[in-house]
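Peer 1: got a predicted model here, sequence first, then my questions.
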Amino acid sequence: MAWFYWLVTYFVRWFLMPLYATIEVRGVENVPRTGPLLIASNHLNDADPGVLATRIPRRLVFMAKAELFRIPVLAQALRLYGAFPVRRREADLSALRRSHETLRRGLALVLFPEGTRAGEAARLGPAWPGAGLIALRNNALILPCAITGSQDMGMPGMFLRVLRRRRVTLTIGEPFRLDPVPRINTEASAAGADLIMRRIAALLPPEYRGYYGEEAGAGEHAARGQT
């Protein structure tokens with residue numbers, strides 16, 4: 001429901017988020033205002049969806065881990081917000097179909113290619129191939145995003161530290177597409193996810209790049225699932 005999405009996003013932006021963080025946004029001019037868009041971001045902690053939803057000037061559709069949809073009330077709220085579940089670490093055909101439908105409708109789909117939060121370590125981990133698969137199957141325009149400063153903004157702990165405002169940054173890169181491949185298989189999807197992650201890493205300070213940092217060697221990474 002669009003009204004529920006905008007109501008929640010308005011509340012988070014103007015009433016909830018200011019209690020816990022100041023958010024600096026860089027590169028908002030790179031956001032296409034219309035058309036299908038795949039937004040790929042690093043994931044530090046629970047506040048990240050709120051950072052993206054309140055600072056990217058489009059309605060976003062989130063792919064969220066299936067475990068959240070097993071929690072009463074939260075599951076209903078997530079569905080009203082427009083999110084849909086994905087079963088991690090397996091080929092979730094339902095989530096792939098929902099991703100395709102979302103992009104076909106010209107909406108902006110958000111996913112976190114690592115499939116989990118980095119937490120206070122705040123370092124990129126290896127991506128699952130799903131981001132590459134979705135991008136290739138839909139020839140999607142990809143918007144890389146990089147978040148810093150939210151690594152300790154996990155629930156419920158962040159609500160207990162009202163007086164401690166973090167400085168969060170959201171850096172939005174230039175949109176791009178993956179080159180077409182003769183066959184979309186596991187290797188091609190993993191290579192696509194790897195490229196997406198390196199675009200995200202390029203937007204991050206060195207200490208956040210983790211698996212995609214310089215120490216691993218540019219172009220030598222292998223995303224999860226790649227053989």
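Peer 2: Yes, it's here.
Peer 1: quick check: buried residues in the helix or strand of the chain with the lowest mean pLDDT?
Peer 2: Across the helices and strands of the chain, the lowest-confidence element by mean pLDDT, DSSP states H and E is helix 17-20, at a mean of 91. Within helix 17-20, the residues scored as buried using 16 or more other Cβ atoms under 10 Å are 17, 20. The C-beta positions use only the backbone N, C-alpha and C, and glycine is treated the same way.
Peer 1: same question for stretch 195-204.
Peer 2: Judged by neighbour count (16+ other Cβ under 10 Å), stretch 195-204 contains these buried residues: 195-201, 203-204.
Peer 1: can you give me the strands in this protein?
Peer 2: Per DSSP state E, the chain carries strands over the ranges 21-26, 37-41, 60-65, 84-86, 108-111, 142-148, 166-172.
Peer 1: quick one: closest of those to L124.
Peer 2: strand 142-148 (9.3 Å; Cβ to Cβ).
Peer 1: which strands or helices does the closest one pack on?
Peer 2: Under the contact criterion of 3 or more Cβ pairs under 8 Å, 6 or more residues apart in numbering; DSSP states H and E, strand 142-148 touches strand 37-41, helix 48-55, strand 166-172, helix 186-201.
Peer 1: in a markdown table, list the buried residues of stretch 195-204 along with distance to T148 and pLDDT.
Peer 2: As requested, the buried residues of stretch 195-204 are exported to a markdown table (distance: Cβ to Cβ, whole Å; pLDDT from 0 to 100):
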| residue | distance to T148 | pLDDT |
| --- | --- | --- |
| L195 | 21 | 97 |
| I196 | 18 | 98 |
| M197 | 16 | 97 |
| R198 | 17 | 97 |
| R199 | 16 | 97 |
| I200 | 11 | 98 |
| A201 | 12 | 97 |
| L203 | 9 | 98 |
| L204 | 7 | 97 |
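Peer 1: got JSON lines for those residues, with distance to E114 too?
Peer 2: Output for the buried residues of stretch 195-204, formatted as JSON lines (distance: Cβ to Cβ, whole Å):
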{"residue": "L195", "distance to E114": "15"}
{"residue": "I196", "distance to E114": "11"}
{"residue": "M197", "distance to E114": "8"}
{"residue": "R198", "distance to E114": "13"}
{"residue": "R199", "distance to E114": "14"}
{"residue": "I200", "distance to E114": "10"}
{"residue": "A201", "distance to E114": "11"}
{"residue": "L203", "distance to E114": "15"}
{"residue": "L204", "distance to E114": "13"}
